[in-house]
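1. generate a structure from the sequence data that follows.
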Amino acid sequence: MPETQPNDTDGREAYEAPETTAQRRARRAQFLRDLNEARELRDRVQPRRARAARMRQQMRMRTFRW
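-> Sure, this is the predicted structure:
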């Protein structure tokens with residue numbers, strides 16, 4: 001059987017300091033930019049599905065009660 005490596009699944013070293021709030025926010029902002037870009041790409045390549053989703057959202061907003 002092959003030897004197993006220590007439990008280091010994400011590639012970080014054990015001695016690395018925890019990330020700061022600024023680093024977490026920067027990583028989250030990058031993730032949200034990538035997510036938005038992926039959604040825009042999906043909407044461009046699947047226009048019928050995107051239109052149907054817009055229509056469903058509009059219907060939800062029309063029936064929403066304040």
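
2. where does this protein dip in pLDDT?
-> Along the chain, segments meeting pLDDT under 70 span 1-15, 66.

3. could you point out the longest helix in it?
-> helix 21-45 (DSSP state H).

4. what packs against it?
-> helix 47-63 (3 or more C-beta pairs under 8 Å, 6 or more residues apart in numbering; DSSP states H and E). Glycine gets a C-beta too; all of them are placed from N, C-alpha and C.

5. okay, the angle between the helix it packs on and helix 21-45?
-> Angle of helix 47-63 versus helix 21-45, following axes from the mean of the first three to the mean of the last three C-alpha atoms, to 10 degrees, is 110 degrees.

6. could you list the buried residues of helix 47-63?
-> Under the neighbour-count criterion of 16 or more other C-beta atoms under 10 Å, helix 47-63 has nothing buried.

7. helices or strands up against it?
-> Helix 47-63 is packed against helix 21-45, with contacts defined by 3+ C-beta pairs under 8 Å, 6+ apart.

8. right, I'll leave it there.
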